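1. Turn this into a structure:
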Amino acid sequence: MQQPTIDPAIRRILAAPASVGALLDLCEENFQLLRLIAPDVRAMRGSHHSRRTGQLDLHLDIVEQAAYTTTLRLTYYFDESHGRTPDPDATLRVYHDARQLEVLDLRQQALPVGRLFESPALVRKWKASVFLSKWLWYCVRNGHRFEAAADPVPAPQGADGAPGIPARSAG
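-> Here you go, the predicted model:
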């Protein structure tokens, strides 16, 4: 199977300075990338993972499904001496009608982009969306894919032991 390469449109978007219009274009491009790895995200429920030989499992947790939006969490987990660490760890909102993918929160260690989007908000959202775009392309190139019809993996345990999204560490 031929691996997709970065479309010339995304190169043009990433070369542009941060602006509201460029951010909307990037959110649209990120929506298309997510659809390549989770084509039926609107029908998904629960927790899922994509397993590829020689790579970390990519985890997708549906946080909320609403009439026109889906909120999800996308992450890898690294086993460390103090437990499992999510990195990168993105909370995303899919706007199905507008065909946009917004970064609500992004935590990652390699290239810190700043905490939730303090001033100037546009520049921080731009940086988070650019990081997400590059990460999604990486996932597409490496063949990650989630299917709605597949049995979801058991829900992770929260900090209190109850089912749910694991608590995030401060940072």
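2. wait, what's in contact with Cys27?
-> Shown in contact with Cys27 (Cβ atoms under 8 Å, 6 or more residues apart in numbering): 100-102, 129. The C-beta positions use only the backbone N, C-alpha and C, and glycine is treated the same way.
3. taking the residues you listed one by one, which sit in helices?
-> The members of these that map onto helices under DSSP state H are Ser129.
4. And the contacts of Cys27, which is closest to Gln55?
-> Nearest to Gln55 among the contacts of Cys27 is Leu101, at 22.2 Å by Cβ to Cβ.
5. check contacts around that closest one.
-> 27-28, 30-31, 33-34, 92-95, 132.
6. List the ones among those that fall in strands.
-> 92-95 (DSSP state E).
7. May I see the PyMOL selection of the buried members of those residues?
-> Restricted to buried positions by 16 or more other Cβ atoms under 10 Å, the PyMOL selection for the ones in strands among the contacts of Leu101 reads:
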select buried, resi 92+93+94
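8. Tabulate the ones in strands among the contacts of Leu101 in TSV, adding columns for distance to Thr71 and pLDDT.
-> Output for the ones in strands among the contacts of Leu101, formatted as TSV (distance: Cβ to Cβ, whole Å; pLDDT from 0 to 100):
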residue	distance to Thr71	pLDDT
Leu92	7	95
Arg93	5	97
Val94	8	97
Tyr95	10	97
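9. so which of the ones in strands among the contacts of Leu101 comes closest to Leu72?
-> Nearest member of the ones in strands among the contacts of Leu101 to Leu72, counting by Cβ to Cβ, is Leu92, at 5.5 Å.
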